[in-house]
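Enquirer: Sharing a sequence plus its predicted fold:
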Amino acid sequence: MSNNWLEKNTFHYSDFKDLFHLVEEKQKKNLQISLCLPTLNEEKTIAKEIIIMKSELMTRYPLLDEIVVIDSGSTDNTVEIAKSFGADVYDANEILPHLEKFKGKGENLWKALYITKGDIIVYIDADIKNIHHRFAYGLIGPLLLYDQIKYAKAFYDRPIAIGKNKIRPTGGGRVTELVIRPLFSLFFPELTQILQPLSGEYAGYRKVLEKLPFPIGYGVETSMILDIYEKWGLDVIAQVDLDRRIHRNQDTKALGRMSFAILKTFINRQKRSGLIDLKNNLYDEIIQYNLVDSQYQPAVSKIIGFERPPMIEIPEYCEKFNIKN
Amino acid sequence: MDKFLENLPTLVDEIKALKDIIITNIVLIGQTPAPTFKEKRRGILFMERMAEFGVDEVTTDGYRNPIGIIRGTSSDKPPIFVVAHLDTFFERDIVFNYTIKENTITGPGILDNSLGVGVLLSLPIIFKKLGLTFESDIVLAGTIQSIGKGNLRGVRHLLKTWTTPIRGSICIEGVDLGRLNYFSDGMIRGEISCSISEEKGAMHTDTPNAILILNEVINGIMRLSLPQRPRSRVVVGKISGGANHGKIAYHATLGFEIRSDSYKMVKSTYNEIKDIVDGIGHENEVDLNIKTISNLKSARLKFNHPLVKSTAAILKSLGIKPTSKSTESALSIFLSRKIPSVTLGITYGEHHYTNKATMEIEPMFKGIAQLVGVIKAIDSGVCDEQ
């Protein structure tokens, strides 16, 4: 396996810190850019994300044209706070309301395609404690400055040094290292060059994103990479070192559920493509055990793994964006 | 100038229109750790932001205080200094992530003094928005090494090496809105340490205990007669020592501060404490030492100084009630160099020195308006008359 892609398509956010130049490129290409923040009970971090992005990338440099919050039914003050700081806030259930309702990050990202107007859509998790506008401009940069790149993905904190004799740990989180990387190594070694495939921050052209199916839950990051890789190849993807990201830590059981969803997404895709053959359907439940009063009791979580079809197949979307299939 | 002051309350809303940028500056500064003596990263950020905001000159002095200069229209008017100290009480190893809610921002060091620095950084863009120009150059300085053992070295150095006259200055502190400081007491902060070598301790019939030795020192300090005029006092503010509950303490330290509106009295009290320390150390045959951590001479403007009177009027025009107390900060360094100066607070807050320090957002806009008003007042000559 060649490391060509890693060398060519890996960037550092500081490569794009000339915001004036990015704005010029955006205007030259006559593009609009939307930032989408999917939320579920993020009252501690949402205001800071909105205010910093607005200040730096709307008021000072008009790189973003809108900031959209898609909420999955927060029970804290997320919605009120986001509105008070000037974001456009939507309840995911009220977007395309005639469709069956689901709850999950992937669902919000998919519905954001319908709500936003940008030619480029930037997705940033709303739980980042050390938010900085580099999280957005670092991802927008490669899309504006390199014509072949259509999708940019973040990685953090543990950059690989590509120069001679400089190898540092490239690890992602636990799920990346224990689930995704082994899977990629087994099936698509080329994809292991993506250092943190599960990072929650990425940006892409609408023309690409609208053609992708979206798992409603955790599998969305994995599926995006696999589908883009399959349809357009690795060269349209870039990865950007965004330095440090501080966010909530998840416990092992939550990571187990995440891994379950990702494995299911992965296996279903390979089954569809004929790469693997399963005699039976996969189950929809992950079973974890808790010790309660000296007895082990199962805790069963249902993870259906439903996927939304590519947005371009939704008639309302085609009508709104004047697309004729 | 009078017309400008009349319109000052209307500026509050115009400043508020820059809320996003001002809060972003406060948060980006606050989330960059800057314990005293380790302010480099915050200093670099300060200069980067100043440069981005189109300040005419961005530089550091020889002591690495970051400085932005907005050039004035007159070549013969001395500059006006606006300063805020960069350093905070918190070490790097704590979590510096701030939380913004509808009307508050919470995070370590925000009140002292990330808020002040964030507002200082926002001034160039506020001046642009308000269409303000000045005759004097405006020197915006984030001073390093202010707190504790820093002993205001940054601002001392800045002024020592600034060879030309300074027209007037404003020191920005995060809280509280309404403070109008124009005098500072004389002050010495000191540390008394007691050490008993464990070997020597074993030779004693009655092994001395470092904490009890310091207790004797405290008793000695308490017996000092301090005059009501000049107003003087000693605060025993910190004590630490010992290893565990059941073991004699071999090491202990005591932190204290002497304050008076007469520096002569401060020095005389310090000498008395030194005599107490020397005596107790000698009699108990222990290693008992006193040293000065920081010191300031007393300095003041009169209440009827035009800068004080104008500043009070500006605060009142914005519906802010001025309150005045002594402050031991950069102000005293400016005043001791005969530079007319005041210290102003920007907003209200709570939990000052904890990780949950919280500032109120809404009053901040008035706090910034008063700052603009006082800079404009100095530029119109209120410090030139005396």
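Expert: Okay, I see it.

Enquirer: Next one, pLDDT for A:Gly171 please.
Expert: pLDDT, A:Gly171: 52.

Enquirer: do the same with B:Pro230
Expert: Reported pLDDT at B:Pro230 in the predicted model: 88.

Enquirer: so how many other residues sit close to it?
Expert: Using other Cβ atoms under 10 Å in any protein chain shown, B:Pro230 has 16 neighbouring residues. For glycine as for every other residue, the C-beta is placed from the backbone atoms N, C-alpha and C.

Enquirer: so it makes contact with B:Ser262?
Expert: Yes. Between B:Pro230 and B:Ser262 there is a contact under Cβ atoms under 8 Å: 3.7 Å.

Enquirer: show me where pLDDT drops low in the chain?
Expert: Picked chain A for this. Chain A contains residues with pLDDT under 70 at A:1-2, A:158-172, A:247-249.

Enquirer: right idea, wrong chain: chain B
Expert: By pLDDT under 70, the low-scoring segments of chain B are B:1, B:95, B:199-205, B:385-386.

Enquirer: what about 80?
Expert: The model of chain B has pLDDT under 80 over residues B:1-5, B:91-96, B:198-207, B:328, B:385-386.

Enquirer: max-length helix in the chain?
Expert: Picking chain A for this. Using DSSP state H to define each element, chain A has its longest helix at helix A:252-272.

Enquirer: Switch to chain B, please.
Expert: The residue-count maximum for a helix in chain B (DSSP H) belongs to helix B:263-284.

Enquirer: who's in contact with the closest residue to B:Pro227 other than its chain neighbours?
Expert: Excluding the flanking residues, the one nearest B:Pro227 by Cβ to Cβ, 6 or more residues apart in numbering or on different chains is B:Met265, at 7.0 Å. Contacts for B:Met265 (Cβ atoms under 8 Å, 6 or more residues apart in numbering or on different chains) come out as B:186, B:227, B:230, B:232.

Enquirer: B:Met265 and B:Val236, how far apart?
Expert: Counting by Cβ to Cβ, to the nearest Å, the gap from B:Met265 to B:Val236 is 18 Å.

Enquirer: that older thread, helices or strands next to the very next helix or strand once past the longest helix of chain A in the packing?
Expert: Next helix or strand after helix A:252-272 toward the C-terminus (DSSP states H and E): strand A:285-292. Identification of packing neighbours for strand A:285-292 by 3 or more Cβ pairs under 8 Å, 6 or more residues apart in numbering or on different chains; DSSP states H and E yields helix A:252-272, strand A:295-302.

Enquirer: now, of the ones you listed, which is deepest in the fold?
Expert: helix A:252-272 (a mean of 18; mean count of other Cβ atoms under 10 Å in any protein chain shown).

Enquirer: Grab the CA positions of that one and hand them over as CSV.
Expert: The C-alpha atoms that make up helix A:252-272 are tabulated as CSV, following Å, rounded to 0.1, in the frame of the first residue of the first chain:
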residue,chain,number,x,y,z
THR,A,252,-16.9,2.0,27.7
LYS,A,253,-20.5,0.8,27.5
ALA,A,254,-21.5,3.8,25.4
LEU,A,255,-18.5,3.1,23.2
GLY,A,256,-19.7,-0.5,22.9
ARG,A,257,-23.0,0.6,21.5
MET,A,258,-21.2,2.9,19.1
SER,A,259,-19.0,0.1,17.9
PHE,A,260,-22.1,-2.1,17.4
ALA,A,261,-23.7,0.5,15.2
ILE,A,262,-20.5,1.0,13.2
LEU,A,263,-19.9,-2.7,12.7
LYS,A,264,-23.4,-3.1,11.5
THR,A,265,-23.1,-0.3,9.0
PHE,A,266,-19.8,-1.7,7.8
ILE,A,267,-21.0,-5.3,7.5
ASN,A,268,-24.2,-4.3,5.8
ARG,A,269,-22.3,-2.3,3.2
GLN,A,270,-19.9,-5.1,2.4
LYS,A,271,-22.8,-7.5,2.2
ARG,A,272,-24.6,-5.2,-0.3
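
Enquirer: what's next to that helix, contact-wise?
Expert: Applying Cβ under 8 Å, 6+ apart, the external contacts of helix A:252-272 come out as A:173-175, A:178-180, A:183, A:187, A:198, A:215, A:217-219, A:222-223, A:226-227, A:250, A:276-278, A:282, A:286, A:288, A:299, A:301, A:303, A:305, A:307.

Enquirer: one more time with 6 Å, if that's ok
Expert: Helix A:252-272 is touched from outside by A:174-175, A:179, A:183, A:215, A:217-219, A:222-223, A:226, A:276, A:278, A:282, A:286, A:288, A:301, A:303, A:305, with contacts defined as Cβ atoms under 6 Å, 6 or more residues apart in numbering or on different chains.

Enquirer: could you flag which of those residues are buried?
Expert: Taking 16 or more other Cβ atoms under 10 Å in any protein chain shown as the criterion, what is buried in the contacts of helix A:252-272 is A:175, A:179, A:183, A:215, A:217-219, A:222-223, A:226, A:286, A:303, A:305.

Enquirer: Spit out the contact partners of residue 235.
Expert: I went with chain A, as the question did not name one. Going by Cβ under 6 Å, 6+ apart, A:Asp235 touches A:Gln148.

Enquirer: hm, I was asking about chain B
Expert: Shown in contact with B:Val235 (Cβ under 6 Å, 6+ apart): B:Glu257.

Enquirer: you'd agree it is in a strand?
Expert: Yes. Applying DSSP: H, G, I helix; E, B strand; the rest coil, one finds B:Val235 inside a strand.

Enquirer: secondary structure class for B:Glu173?
Expert: strand.

Enquirer: Quick check: it touching B:Ser114?
Expert: No. If you go by Cβ atoms under 6 Å, B:Glu173 and B:Ser114 don't touch, sitting 11.3 Å apart.

Enquirer: The two: who's more crowded?
Expert: Using other Cβ under 10 Å, the more surrounded residue of B:Glu173 and B:Ser114 is B:Ser114, with 32 against 22.

Enquirer: Contacts only, for the nearest residue to that one once chain neighbours are set aside.
Expert: Spatially, and ignoring its direct neighbours in sequence, B:Ser114 is nearest to B:Gly30 (3.4 Å; Cβ to Cβ, 6+ apart). Neighbouring residues of B:Gly30 by Cβ under 6 Å, 6+ apart: B:98, B:107, B:110, B:114.

Enquirer: What separation is there between B:Gly30 and B:Asn219?
Expert: 42 Å.

Enquirer: go on, B:Arg300?
Expert: Going from B:Arg300 to B:Asn219 by Cβ to Cβ gives 34 Å.

Enquirer: Who has more neighbours out of those two?
Expert: Neighbour totals were compared for B:Arg300 and B:Asn219, and B:Arg300 leads with 18 against 11 (other Cβ under 10 Å).

Enquirer: Which phi and psi values does the more buried one adopt?
Expert: Per-residue torsions, B:Arg300: phi -160, psi 160 (degrees, to the nearest 10).

Enquirer: Spatially, what comes nearest to it if we skip its sequence neighbours?
Expert: Nearest residue to B:Arg300 in three dimensions, chain neighbours excluded: B:Phe183, at 3.3 Å (Cβ to Cβ, 6+ apart).

Enquirer: A:Asn325 too?
Expert: Excluding the flanking residues, the one nearest A:Asn325 by Cβ to Cβ, 6+ apart is A:Cys318, at 6.2 Å.

Enquirer: what's the burial count for the one you found?
Expert: With other Cβ under 10 Å as criterion, A:Cys318 counts 15.

Enquirer: and it, that's in a strand?
Expert: No. Counting by three-state DSSP, A:Cys318 is located in no strand; its state is helix.

Enquirer: Could you report the separation of the residue nearest the centre of chain A from A:Leu64?
Expert: The structure's chain A has its C-alpha centroid closest to A:Gly200; by Cα atoms, centre = their mean the separation is 4.4 Å. To A:Leu64, A:Gly200 is 18 Å away according to Cβ to Cβ.
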